[in-house]
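# I'll drop the sequence and a predicted model, then ask my questions.
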Amino acid sequence: MLQVEWTRDDGWGKPIISPLTNLSIHPGAKCLHYAIELFEGMKAYRGVDDKIRMFRPFENMKRMKSTADRAYLPDFDAEELVKCMKKLLQIDREWVPYSTKSSLYLRPTFIGTEPTLGVTKSASALLYVLTGPVGPYYPTGMNPVTLLADPQYVRAWPGGCGNFKMGSNYGPTIKISAEADKKGCQQVLWLYGDDHQLTEVGAMNLFVYWINEQGEKELVTAPLDGLVLPGITRKSLIELAKKWGEFKVTERSYTMAEVTKALNENRLKEMFGAGTACVVSPVEKILYIDNMLNIPTMSDGAPVTMRFLKELTDIHYGRTISDWCEPIE
């Protein structure tokens, strides 16, 4: 693991790479009481050429710096942190799976450690990075998911912190995810507002591919208006789709009424979540106000969803060379 300490008086200390160890932390540390903390999620991949690559780490750093600012944690040098993580990967390189279906997960974490109970900025902090190999998200093939869309539960709201990667955004979702499971759903589709805008699915961004009311092929996803996380996979899929130039790509608010109408008119073709863990996760059903909506994502083999999966994983594993990847020498 990698650890770097910061104090208000001395600034950043010397980065230390060591075997994984437990943290020694004062029980009054601010992170334990006021959730002054954040995390990131990223992966390193061993390619078909046996080279190890990180995927778009500076996009993660941009988001991490934004979240640190919102949590009132100190700023840090993104390039230096990426260099430190590269060094960590050089040491842990044998933990990067020799597989084009697995990867090494990296979890940068940043916590306020000052041992005082005042609700104020932390005068000390710890930035650390954990690593661990992860297997394929779909070990037995891609299985589409059923979503619970219940408007009584709200994950994020304007002016809040729903667009930042703080642990405090995730803890309150666990009970709702358990409620979804009781109803036979694998994920929660988070809605917002009286018009039931679609925002995120579980901890992923959400995309809909349909024929819009103007008769155009269109890929739609919620805008970065504070209600969704600025996902790195989200950004990558949008950029890939615009590069293809085969359909309209739109970032806007859209509602369950629009989705239901498109379904009834046979215009909705595919719906999928997108994130670091799975790349894409196809949706087959939505339980919405006790009404089960059947989403035809897999009826024609999900060509757009599967194309995204193939093109992005080709980049991950070096089958397609891209400047989105940072090589580990």
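Perfect, thanks for sending it.
# hang on, residue 116 packs against residue 28?
Yes - using C-beta atoms under 8 Å, residue 116 is in contact with residue 28, at 6.4 Å. Bear in mind the C-beta positions are built from the backbone N, C-alpha and C, glycine included.
# quick one: contacts for the most centrally placed residue in the chain?
Centroid-nearest residue in the chain: residue 275, 4.5 Å away (criterion: C-alpha atoms, centre = their mean). Counting by C-beta atoms under 8 Å, 6 or more residues apart in numbering, residue 275 touches 203, 204, 205, 231, 233, 281.
# return the member of those nearest to residue 44.
Closest approach between the contacts of residue 275 and residue 44, by C-beta to C-beta: residue 233, at 15.4 Å.
# give me the nearest residue to that closest one, chain neighbours excluded.
residue 274 (4.6 Å; C-beta to C-beta, 6 or more residues apart in numbering).
# now name the helix or strand holding the one you found.
For residue 274, the host element (DSSP states H and E) is strand 268-275.
# swap in residue 5?
Per DSSP H and E: strand 2-7 holds residue 5.
# so what strands line up beside that strand?
Looking at strand 2-7 with DSSP bridges, its partner strands are strand 11-12 (antiparallel), strand 16-17 (antiparallel), strand 124-134 (antiparallel).
# nearest to residue 190, out of these?
Taking C-beta to C-beta as the criterion, residue 190 comes closest to strand 124-134 out of the strands paired with strand 2-7, the separation being 24.4 Å.
# ok, then the element right after the closest one?
Using DSSP H and E, the next helix or strand after strand 124-134 towards the C-terminus is strand 145-149.
# and the angle for that next one with strand 268-275?
Relative orientation of strand 145-149 and strand 268-275, computed by axes from the mean of the first three to the mean of the last three C-alpha atoms, to 10 degrees: 90 degrees.
# tell me what strand 145-149 is packed against?
Contacts defined by 3 or more C-beta pairs under 8 Å, 6 or more residues apart in numbering; DSSP states H and E place strand 145-149 against helix 174-182, strand 187-192, strand 279-288.
# list the buried residues in the shortest one.
Neighbour-count burial for strand 187-192 flags 187, 188, 189, 190, 191, 192 (criterion: 16 or more other C-beta atoms under 10 Å).
# which residues does the first one bridge with?
Read it as residue 187. Counting by DSSP bridges, residue 187 is bridged to residue 147.
# per-residue pLDDT, it?
Turning to residue 187, the model gives it a pLDDT of 96.
# again, but for the fifth one
The predicted local confidence for residue 191 comes out at a pLDDT of 99.
# how far away is the closest residue to it other than its chain neighbours from residue 242?
Once flanking residues are discounted, residue 191 sits nearest to residue 151: 4.8 Å by C-beta to C-beta, 6+ apart. From residue 151 across to residue 242, the span is 32 Å (C-beta to C-beta, to the nearest Å).
# quick one: distance of stretch 101-115 to the chain centre.
A distance of 14 Å separates the centroid of the chain from that of stretch 101-115, by C-alpha atoms, centre = their mean, to the nearest Å.
# and stretch 134-144, by the same measure?
The answer for stretch 134-144 is 17 Å, by C-alpha atoms, centre = their mean.
# so what touches that stretch?
43, 97, 101-105, 277-279, 281-284, 297-298, 306, 309.
# ends of that stretch, what's the gap?
The first and final residues of stretch 134-144 sit 20 Å from each other (C-alpha to C-alpha, to the nearest Å).
# I'd like the average pLDDT over it.
84.
# could you do stretch 317-329 as well?
On average, stretch 317-329 scores 98.
# I figured residue 322 hits residue 315, correct?
Yes - with contacts counted by C-beta under 8 Å, residue 322 reaches residue 315, the gap being 4.5 Å.
# thank you kindly, that will do.
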